[in-house]
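Q: I'd like to go over a predicted model; first the sequence, then the structure.
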Amino acid sequence: MDPVLNPFKPGAGLRPPILAGRDTLFGDFDIVRRRITELGEGDRSWILTGLRGVGKTVLIGELARTAINGGWIVAKLEVRKGHSMAEELATTLATSLRGARRRFDPHKLTQLLGVFTSFTVSLNVGVVTLGVDIDPAAGFADTGRLSTDLTDLFVVLGETVRELGVGALILIDELQEATAEEMAAVSTAIHQISQTSPVLPLFLVGAGLPSLPSQLATANSYAERLYQFRALSTLSELDSRAALVQPVIERDAEWDEAALRLALDAANGYPYFLQEVGKAVWNNALGRVFTVEDARVGTDVAREEVNAGLYQSRWDRATPAQKDLLRALAEEGEGDGVVVRDLARAMGKPSASALSVPRDELIKKGLVYAPERGVLAFTVPGFHQFIRDQD
Ligand SMILES: Nc1ncnc2c1ncn2[C@@H]1O[C@H](COP(=O)(O)OP(=O)(O)OP(=O)(O)O)[C@@H](O)[C@H]1O
Ligand SMILES: [Mg+2]
């Protein structure tokens with residue numbers, strides 16, 4: 001089939017043709033949106049967690065779009081190792097504030113812009129321009145301590161959007177990469193927001209790997225109660241079908257049922273795999289009805305794409321000691337994880353602590369995580385199979 005017309009969108013953060021299986025989440029967000037817009041009242045912020053490629057970034061993008069369409073003040077950022085979160089936040093928020101200056105009565109923004117300026121000065125975040133000279137607001141966000149200054153900024157942002165009759169949405173992707181200090185600051189600020197009565201209409205959505213909830217809990221003891229944690233899982237059979245079938249029908253092609261079965265089995269419900277498989281089958285299909293043969297060729301191509309895009313570079317970056325641990329993990333299990341003690345035994349090590357160095361390094365690299373204490377699992381779906389196929 002003509003690749004130009006290919007509807008599938010494999011790739012980080014790329015909006016899929018059909019955003020399957022997330023209706024409940026959007027429905028719940030709509031309730032939050034309406035509470036904020038109609039009552040000026042916020043709600044418990046969300047933390048979205050999920051393995052690589054499950055669709056976190058796409059969701060963040062959709063939520064941002066909804067809020068921007070509603071005229072909200074929106075800041076969307078991605079935490080990157082070695083980069084200051086405050087700086088990323090200030091940069092994206094500045095863009096939204098410049099837009100707000102055009103849409104709203106500037107007098108109603110005076111305090112917010114002043115506190116924002118204090119924030120950028122006291123945390124030394126570099127040049128962030130609002131397109132107008134604003135003096136720092138004395139006594140606000142000027143301590144140089146991230147948690148205090150972020151709290152001041154969030155509170156004035158919440159108060160301002162309530163006054164303006166809209167909401168504020170802060171979206172932080174890859175939150176697991178933030179430092180403990182940054183996580184603690186975010187939770188402190190959200191805690192403050194939620195303690196006002198009624199709750200200020202500032203809503204935060206953080207997204208990250210499944211390790212994120214425990215990282216947040218380590219940074220602040222009350223984090224477990226502060227957020228609503230929502231784990232994004234793989235898609236059901238029905239939703240996976242929709243993700244593969246609808247985009248094809250919309251472009252006047254279709255799947256033979258047996259071919260679809262093959263594609264579904266290859267994708268295993270993972271959103272990213274569904275896109276790779278859909279794309280490869282489309283590109284390799286000889287006619288407008290996708291046959292089993294088309295699906296065979298397509299799934300092989302997709303597998304190679306996934307190997308190259310998802311697994312190979314991660315595998316290549318692992319040291320020999322890390323590879324030994326990854327190999328053992330791949331042999332011992334998949335999915336929910338393996339008890340580290342069992343891994344040690346399988347590797348002929350005297351105890352679990354003998355693995356603590358490679359274990360910690362692999363967690364830092366974001367390749368594995370601890371679903372619970374003493375257990376280890378892959379963050380990248382299907383990695384175990386790739387590793388088993390090596391050598
Ligand atoms: N609900 C969905 N239905 C179908 N395809 C989806 C869905 N969500 C995401 N995808 C597709 O999955 C791929 C990965 O999405 P995304 O980048 O949002 O994942 P992620 O969870 O942010 O991954 P990572 O942890 O690597 O950042 C993209 O190609 C996207 O189009
Ligand atoms: Mg992502």
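A: All right, it came through fine. Computed from a prediction, not measured in an experiment: that's the story for all the values here. Ligands and ions are numbered 1, 2, ... in the order given.
Q: Any stretches of the stretch 251-391 of the chain with poor pLDDT?
A: 334-335 (pLDDT under 70).
Q: To what extent is the residue in it that ligand 1 sits nearest to buried, counted in neighbours?
A: Distances between the stretch 251-391 of the chain and ligand 1 by C-beta to the nearest ligand atom are smallest at P271, namely 3.3 Å. Any C-beta I mention is one placed from the backbone N, CA and C, and that applies to glycine too. Residues lying near P271 (other C-beta atoms under 10 Å) number 27.
Q: Could you pull up the residues touching it?
A: 16, 20, 53-55, 58, 234-235, 243 (C-beta atoms under 8 Å, 6 or more residues apart in numbering).
Q: same thing but 6 Å
A: 54-55 (C-beta atoms under 6 Å, 6 or more residues apart in numbering).
Q: And for N284?
A: By C-beta under 6 Å, 6+ apart, the neighbours of N284 are 294, 297-298.
Q: now it: how far from V301?
A: Using C-beta to C-beta, to the nearest Å, one obtains 6 Å as the distance from N284 to V301.
Q: can you check L157 too?
A: Using C-beta to C-beta, L157 is found at 47 Å from V301.
Q: Between those two, which has more neighbouring residues?
A: Neighbour count, other C-beta under 10 Å: between L157 and V301, L157 has more, with 26 against 17.
Q: does V32 really touch D43, like I thought?
A: Yes - if you go by C-beta atoms under 6 Å, V32 and D43 touch, sitting 4.9 Å apart.
Q: Compare these two (neighbour count), which wins?
A: Neighbours per residue (other C-beta under 10 Å) separate V32 from D43, with V32 holding more: 22 against 17.
Q: A helix includes the more buried one, no?
A: Yes - assessed by DSSP: H, G, I helix; E, B strand; the rest coil, V32 belongs to a helix.
Q: and P136, how far is that from ligand 2?
A: The gap separating P136 from ligand 2 is 35 Å, by C-beta to the ion, to the nearest Å.
Q: brain fart, L59
A: 9 Å.
Q: quick one: the helices in the stretch 1-150 of the chain?
A: Under the criterion DSSP state H, counting those that start in this stretch, the stretch 1-150 of the chain contains helices at 23-34, 56-69, 85-103, 110-122, 146-164.
Q: do you know which of those helices lies nearest ligand 1?
A: helix 56-69 (3.3 Å).
Q: what's the burial count for P106?
A: 11.
Q: Quickly find the element holding the closest residue to A223 other than its chain neighbours.
A: Nearest in space to A223, with sequence neighbours left out and distances taken as C-beta to C-beta, 6 or more residues apart in numbering, is L216 at 4.0 Å. Using DSSP states H and E, L216 maps to helix 212-219.
Q: go on, I172?
A: strand 168-173.
Q: Export only the CA atoms of that strand, formatted as PDB.
A: Provided in PDB are the C-alpha atoms of strand 168-173 (Å, rounded to 0.1, in the frame of the first residue of the first chain):
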ATOM      1  CA  ALA A 168      -4.000  26.100  35.100                       C
ATOM      2  CA  LEU A 169      -2.600  22.800  33.900                       C
ATOM      3  CA  ILE A 170       1.000  21.800  34.700                       C
ATOM      4  CA  LEU A 171       2.100  18.800  32.700                       C
ATOM      5  CA  ILE A 172       5.500  17.200  33.700                       C
ATOM      6  CA  ASP A 173       6.700  14.300  31.500                       C
END
